[in-house]
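Trainee: got a predicted structure plus its sequence, pasted below:
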Amino acid sequence: MTVLASANEADIASRWYHRFMKAYVQKSPFTKRWITYKDAYIGDYFKNVNLPEYKTNAISNYIFATVETIRPLMVDNDPKFQALPRQPEGMDASGDMQEVFSYEWDREDMNLKLYRELINFLTIGTMIFYVPWDSKDKEVRSIPVSPFNIFPDPLATSMEDAEYIIYPRYMNEVVLKRLFPKKADKLIGGDVKYSEFVNDNSKNATLDNQILVLEIWTMDYENENYDNNDAAVIKNKNSKGRKLIICPELGIVLEDVANPYDDGELPFVMIKDYDLPGQFWGEGEIFQLLSPQKQLNDINNAIIDNAKTTANMPWIIDKNAGIPFGKITGRPGLVLRKNPGTEVRREQPPQMPMYVTNAVDVFKNDIQNISGIYDTLRGDSATGVYTAQGILALQEAGTVRIRLKVKLMEAGLGKLCQKWKSRMTQFWKENRWINITLTDGTYDLKLFTVDKLKFDYYIKLTAGSTTPVNRSAMLDLMIRLAQTPMPDGQNIVDREAVSQYLPEEIKAGMLRRMKGENQNIVALQQQIEEMSQQMQQFFQQDQQDDQQTMSTLEELTKAIEHINQQIIQLKGEHDKIKQEELEKQKADMKYNEGYKDAEKLYQQDAEKQMQAIQQDSGMQDQLPEEMLTALEDMTDDELTVLMQSNPEIIDLLK
């Protein structure tokens, strides 16, 4: 890299070493407290080596128990990422961004790093991650940094408003010579002066060939020059900030360059347990628990000492009792022989005052109330609560404080992911194969293209994705929801929702079976979709080729409708005519019946008249005049009927 500084290296190293010492002095009260907190977590703080042998120095470390109860609950679940695009064009790639962050998280083994750093988070109150670009391996790195090794601008209240951050550490001279071969002849190692920078605050570090190295990230305000007349900026060497690597004890500047990152931000992310307003450093659990823990240890030791004393009360023996010195021991069933008239007795032990034993419970309750970690979170059942739902409700209420810590942790990890995404956008130049986890627990490879990084995303963790949950209770709830139908007939949740809370060995097998069952359904659906597409293409082609046919069909349809209407009308008329014909037939039948009756009556009358005529005329050869007149008045039909009935009339007429 090209060296930007033109001033003398010794002056630059001296100036920054002076700033480092100011920051060191300003931070020293926190450093002393942090060492105490670490010793209290381990238990060394409560060990008193100056006590006499007969005094008890037992330690019941409730601080350690509290921290180790909170720590696994905070990383109970793997985080789930959300990539929220700032432009609508990035919506299609948001799913791929979430997958690539899950891959990067696993690649850097962030779960293990986070679990380790939670010790600093809960004891000291702060954990810090350094997010650089590894140009050798071409990967983004997330490096946990001890709070002992970070020195901010004394006026800073957060990482965002710090003018500079100094990251000191000791490095072997061989490593430095390999990294900076041009300065190899000036790099000479020595002993460790600041032991808190080595081996996690080792107090007796006597390492050789070590060189103090200050890595400095600054906003470089000192390089901005202003005109005295109108206060306008004339020159700004490094608009994105500046990075320096110096060896202050040797007066050497190893590197002085512009900030290599496009975002122009300091490459550190700080996450606090208790974020106090106006204070750069956070506070942890031990800050409030240290005093009741000390008092509890003192009372416990006093109780043990009292038990030791009262369990072996002194003997009172007359000199002339006849018992040799050293013959009385604490052996059970001891038999003593004494001279008559002498006294041998043992003092009765006093009772332990009740306020002493009560004080133990008081301080234990104080520790629980201060930390918010109660016995129910450790699996101890509260008095009077025996049902599963009752215990679950107590555990849910007991994690209120932990859920707040989880929210703060997730917000800080979201900032870390945002810097991570900035490094990927700047330095990823080629497509990459990433591992993705399928729903059945198996893995697959997927090609991630760098063109998806051109969109601006807001990366964060899903709210509550790492929040502790009672898996057994949630599994029972999901099973009941899977058995509860909705009004549309579907259950509230499906089998995949239930499987999320199953043990991994059961979940993977069940999802594979579900996948095998669904493959046939998917294949059938694909065939149906293909047939639908083919039919759609066929109809589209027919529609393009037979538009005239469709219009003709429309006309025919209209004509058919018109004909149907006419048929309906004709049918109505036909039914009417048929009804009329039926009525006419009925009338004709009645007429014929009446006509036949009339013929019978007329025939009977004619016969009677003929008989009368025959009687009167005595069967004369000539008809009388009245008979002829009557025959002339008859119609042809009546005359025909008469002649057919009386053929002798024909002879008379002749």
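Mentor: Everything's here; your move.
Trainee: how about the strands in the stretch 101-250 of the chain?
Mentor: Applying DSSP state E, counting those that start in this stretch to the stretch 101-250 of the chain gives strands spanning 126-130, 133-134, 139-140, 143-145, 151-152, 164-172, 210-218, 224-226, 233-236, 242-247.
Trainee: what packs against the helix or strand harbouring Asn300?
Mentor: Asn300 is located in helix 286-310, with elements delineated by DSSP states H and E. Counting by 3 or more CB pairs under 8 Å, 6 or more residues apart in numbering; DSSP states H and E, the packing neighbours recorded for helix 286-310 are helix 9-42, helix 62-74, helix 354-371. C-beta coordinates here come from the backbone N, C-alpha and C atoms, glycine included.
Trainee: identify the residues contacting whatever helix or strand comes next after the second one?
Mentor: So the one you mean is helix 62-74. Once the chain leaves helix 62-74, the next helix or strand it forms, by DSSP H and E, is strand 81-85. Applying CB atoms under 8 Å, 6 or more residues apart in numbering, the external contacts of strand 81-85 come out as 91, 93-95, 97-98, 101-102, 105, 417, 455-462.
Trainee: which one of the helices and strands packed on helix 286-310 has the lowest average pLDDT?
Mentor: Mean pLDDT per stretch puts helix 354-371 lowest among the helices and strands packed on helix 286-310, at a mean of 83.
Trainee: that one: how far from the chain's middle?
Mentor: 38 Å (CA atoms, centre = their mean, to the nearest Å).
Trainee: list the contacts of it.
Mentor: 62, 66, 70, 285, 288-289, 292-293, 295-296, 299-300, 302-303, 306, 374-375, 401.
Trainee: now the buried members of those residues.
Mentor: 62, 66, 70, 285, 289, 292-293, 296, 299-300, 303, 306, 374 (16 or more other CB atoms under 10 Å).
Trainee: which of those residues has the weakest pLDDT?
Mentor: Minimum pLDDT across those falls on Tyr374, with 75.
Trainee: what does that one show for phi and psi?
Mentor: Main-chain dihedrals, Tyr374, degrees, to the nearest 10: phi -100, psi 170.
Trainee: spit out the contact partners of Ile166.
Mentor: Trp16, Arg19, Phe20, Ala23, Ile150, Phe151, Pro152, Leu214, Glu215, Ile216.
Trainee: residues touching the last one, list them.
Mentor: Spelled out, that is Ile216. So Ile216 contacts Trp16, Tyr164, Ile165, Ile166, Tyr167, Arg242, Lys243, Leu244, Ile245, Ile246 (CB under 8 Å, 6+ apart).
Trainee: what's the burial count for the first one?
Mentor: Spelled out, it's Trp16. Here the count is done by other CB atoms under 10 Å, and Trp16 has 19 residues near it.
Trainee: gap between it and Glu410?
Mentor: Distance, Trp16 to Glu410, using CB to CB, to the nearest Å: 35 Å.
Trainee: again with the last one
Mentor: Per CB to CB, Ile246 is found 36 Å from Glu410.
Trainee: quick one: which of these two has more around it?
Mentor: Ile246 (26 against 21).
Trainee: for the more buried one, give me its contacts.
Mentor: Taking CB under 8 Å, 6+ apart, one finds Ile12, Ala13, Trp16, Tyr17, Val213, Leu214, Ile216, Ile252, Val253, Leu254 in contact with Ile246.
Trainee: distance to Asp637 for these - can I get that in JSON lines?
Mentor: Formatted as JSON lines, these follow (distance: CB to CB, whole Å):
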{"residue": "Ile12", "distance to Asp637": "153"}
{"residue": "Ala13", "distance to Asp637": "155"}
{"residue": "Trp16", "distance to Asp637": "151"}
{"residue": "Tyr17", "distance to Asp637": "155"}
{"residue": "Val213", "distance to Asp637": "149"}
{"residue": "Leu214", "distance to Asp637": "149"}
{"residue": "Ile216", "distance to Asp637": "145"}
{"residue": "Ile252", "distance to Asp637": "155"}
{"residue": "Val253", "distance to Asp637": "152"}
{"residue": "Leu254", "distance to Asp637": "149"}
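Trainee: filter those down to the buried ones and hand me the PyMOL line.
Mentor: Here is the PyMOL command that selects only those of these that count as buried (16+ other CB under 10 Å):
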select buried, resi 12+13+16+17+213+214+216+252+253+254
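Trainee: show me which of the contacts of strand 81-85 are buried.
Mentor: 93-94, 97-98, 101-102, 105, 417, 455, 457, 459-461.
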